[in-house]
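>>> how does the following fold in three dimensions:
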Amino acid sequence: MAHLTHPPLTRLSEEESLFFSTVKQFAEEKIGPLVKQMDSEQQFAPGLVPQLFDLGLMGIEVPEKFDGAEGSFFDAALAIEAISTVDPAVAVLVDVHNTLVINAVRRWANDAQKQHWLPKLATDTVGAYALSEAGSGSDAFGLTTRATACEGGYRLNGRKLWISNGREAGLFITFATLDPAAGYKGITAFLVEKGMAGFTVGRKEDKLGIRASSTCELIFEDCEVSAANVLGEPGKGYKIAIETLNEGRIGIGAQMLGLAEGAWGHASKYAKERRQFGKPIAEFQAVQFTLAQMATEIEAVKLMVYNAARLKDAGQPYVREAAMTKLFASQVAERVASQSVEVFGGNGFVRDYPAEKYYRDAKVGKIYEGTSNMQLATIAKQVL
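Below you'll find the predicted structure:
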């Protein structure tokens, strides 16, 4: 038989390798020194977001003609992974912006909307994705935010909750229902701009982890949105939401992968430095086995994330793989971050050391962009 020349899944091309190391170096040198301060102040350091734009990390899949990098979805996953090794809070900004907002605009916007928004999203405007509400988390389509037709467009009324990038965003892809009687077929997506009359960003949540990332309430009180700002077509919002979130799951998988790699890196380094009974704790078999188990699970997650991302780029079905990736990556990240705390011992429990933050940041992986139970439901539907 002829030898097949499929490159190994985790083997990066020269271009991918250079991109990953560039982003990782940026994360270590520019984000690293700010992590602690941003976590305690619960906001990104001034000037950090513009740097992400300057590096081309906010328009990875945007075509060059719209000032983007014209990279692949796999590139976006690599960027999210690399940043997450240092600060998962910064990574979620990059993730939501690229895998949810830009992908939705690229896929569903008309030419005029693309020409207007893609250059902005690639160069200076952060995007947010406004689906969740107080009463519709996992039941994503139990929306109460209403869109009522009015002259020239629609009037939005309602509230959104837990919206990532709420504080930084200039564009909000907002889901509202035109006709509650039509169920999910009444849901419509709108391009809502910061500063529109009747639209306010409400309070920011005080969170356990990824604290620098803003998670906010959005309030719509007779917010008038022109018909030109409908994304896709009226009643097609549910399709946009589902398909975009399928891609987003791979992004969260990449975030959890990077988080686990970061936590493992700190734990292994500490194990070589920390001495007990006259030798580094890395020389004790129990610690070696713990680190070996963590490394093995991280490798499994990497294979899943890279496979799902490459499937998406290849135009192959990936819904099952994306859900499995999100489910398993969040489980492993939580486990690895927890074991990292234990390797640090007493020092793992205090804020002077990096381990506890990875542990706090990991928890959200099982919750946002579809809880673990929702992933299991999706997987069950696919495999049965």
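
>>> how many other residues sit next to the closest residue to Gln37 other than its chain neighbours?
If the residues on either side of it in the chain are set aside, Gln37 comes closest to Ala45, at 6.8 Å by CB to CB, 6 or more residues apart in numbering. Every residue, glycine included, has its C-beta placed from N, CA and C. Residue neighbour count, defined by other CB atoms under 10 Å, stands at 17 for Ala45.

>>> sec struct for Ala45, please.
At Ala45, secondary structure determined by DSSP: H, G, I helix; E, B strand; the rest coil is coil.

>>> wait, it sits on Leu34?
Yes: the pair formed by Ala45 and Leu34 meets the contact definition of CB atoms under 8 Å, at 4.6 Å.

>>> make sure Ala362 is actually in contact with Ala333.
Yes: contact criterion CB under 8 Å: Ala362 and Ala333 qualify, at 4.4 Å.

>>> give me the common contacts of the two.
Met256, Leu259, Ala260, Ala263 (CB atoms under 8 Å, 6 or more residues apart in numbering).

>>> Glu334 versus the first one, what's the distance?
According to CB to CB, to the nearest Å, Met256 and Glu334 sit 8 Å apart.

>>> who touches both of these two?
Contact criterion CB under 8 Å, 6+ apart; residues shared by Met256 and Glu334: Ala362, Gly365.

>>> who has more neighbours, these two?
Taking neighbours as other CB under 10 Å, Met256 and Glu334 compare with Met256 leading, 34 against 21.

>>> who's in contact with the more buried one?
Applying CB under 8 Å, 6+ apart to Met256 gives the contacts Ser84, Val301, Lys326, Ala329, Ser330, Val332, Ala333, Ala362, Gly365.

>>> over to Asp222?
Counting by CB under 8 Å, 6+ apart, Asp222 touches Arg155, Leu156, Asn157, Gly198.

>>> would you map the strands across the stretch 101-250 of the chain?
In the stretch 101-250 of the chain, the strands defined using DSSP state E, counting those that start in this stretch lie at 126-130, 146-150, 153-164, 169-177, 187-193, 199-204, 215-226, 230-231.

>>> next, the buried residues of the second one.
Just to be clear, that refers to strand 146-150. Judged by neighbour count (16 or more other CB atoms under 10 Å), strand 146-150 contains these buried residues: Arg146, Ala147.

>>> need the per-residue pLDDT for Ser141.
If you look again at residue 141, you'll see it is Phe, not Ser. With respect to pLDDT, Phe141 scores 86.

>>> may I have stretch 81-100 exported as CSV, CA atoms only?
Provided in CSV are the C-alpha atoms of stretch 81-100 (Å, rounded to 0.1, in the frame of the first residue of the first chain):
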residue,chain,number,x,y,z
GLU,A,81,-4.4,28.0,23.9
ALA,A,82,-1.2,30.1,24.0
ILE,A,83,-2.8,33.0,25.9
SER,A,84,-4.6,30.6,28.3
THR,A,85,-1.3,29.1,29.5
VAL,A,86,-0.7,32.6,31.0
ASP,A,87,-4.1,34.1,31.6
PRO,A,88,-7.4,32.4,30.7
ALA,A,89,-9.2,35.7,31.5
VAL,A,90,-7.5,37.4,28.6
ALA,A,91,-8.0,34.3,26.4
VAL,A,92,-11.8,34.4,26.8
LEU,A,93,-11.9,38.0,25.4
VAL,A,94,-10.0,36.7,22.3
ASP,A,95,-12.1,33.6,22.2
VAL,A,96,-15.6,35.1,22.3
HIS,A,97,-14.5,37.8,19.8
ASN,A,98,-13.1,35.4,17.3
THR,A,99,-15.0,32.2,17.6
LEU,A,100,-18.5,33.6,18.3
